[in-house]
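K.L.:
Have a look at this fold, sequence not included:
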């Protein structure tokens, strides 16, 4: 949710549904294991969140952003950009062989794809950017801002509350909450 807010701005309205599809030992009776939320942002953009704790097998985790001339996808395969807008690949991105995606992706005239090469890390988080940023904030070197700010955390929690209210009432919920 915080990624949505960071990329698309404030949410104006939420419609959501929750259910418990199957019993899980780690969930108390009656607690949802599946949820779907449709978000309408103040910009007019739409977002969809599909969350499943009760699934069997690996999670098909991915995020995608769809525009009028392209789609940005972040998944287990990495980050991919598909677009009809520009024949020039973004700097540092590798071209994608569109034939490997089948006929469906090849239908748009001029559609091309690129993949962002994975970032290599040592696997040791002690020197990574995130912990260093957090510690520096604790030491008073700067305030926490951007997608990790207290304001973003509050806005994220407000949308989560709106999801539960919508699921409980069966109606769309407008934000800010009253």
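P.N.:
Received the coordinates, thanks. Keep in mind that what you see is a predicted model, and the values were worked out from it rather than measured.

K.L.:
tally of neighbours for residue 24?
P.N.:
Around residue 24 there are 12 other residues, counting by other C-beta atoms under 10 Å. Every residue, glycine included, has its C-beta placed from N, CA and C.

K.L.:
go on, residue 93?
P.N.:
Other residues lying near residue 93 total 15 when counted by other C-beta under 10 Å.

K.L.:
Helix or strand with the lowest mean pLDDT in this structure?
P.N.:
One helix or strand of the chain scores below all others by mean pLDDT, DSSP states H and E: helix 102-105, with a mean of 60.

K.L.:
nearest residue to residue 117 other than its sequence neighbours?
P.N.:
Nearest in space to residue 117, with sequence neighbours left out and distances taken as C-beta to C-beta, 6 or more residues apart in numbering, is residue 94 at 6.0 Å.

K.L.:
So that neighbour sits against residue 118, correct?
P.N.:
No. The pair residue 94 / residue 118 is not scored as a contact, 10.6 Å apart, by C-beta atoms under 8 Å.

K.L.:
Between the two, which has more neighbouring residues?
P.N.:
More neighbours surround residue 94 than the other of residue 94 and residue 118, with 13 against 9 (other C-beta under 10 Å).

K.L.:
Mind checking what helix or strand follows the least confident helix or strand of the chain in sequence?
P.N.:
Using DSSP states H and E, the helix or strand that follows helix 102-105 in sequence is strand 112-116.

K.L.:
so after that following strand, what's the next helix or strand?
P.N.:
Next helix or strand after strand 112-116 toward the C-terminus (DSSP H and E): helix 129-138.

K.L.:
And that following helix, what's buried?
P.N.:
Within helix 129-138, the residues that count as buried by 16 or more other C-beta atoms under 10 Å are residue 133.

K.L.:
Just the mean pLDDT for it, thanks.
P.N.:
Throughout helix 129-138, pLDDT has a mean value of 81.

K.L.:
Any idea which residue is closest to the centre of this structure?
P.N.:
residue 63 (4.7 Å; C-alpha atoms, centre = their mean).
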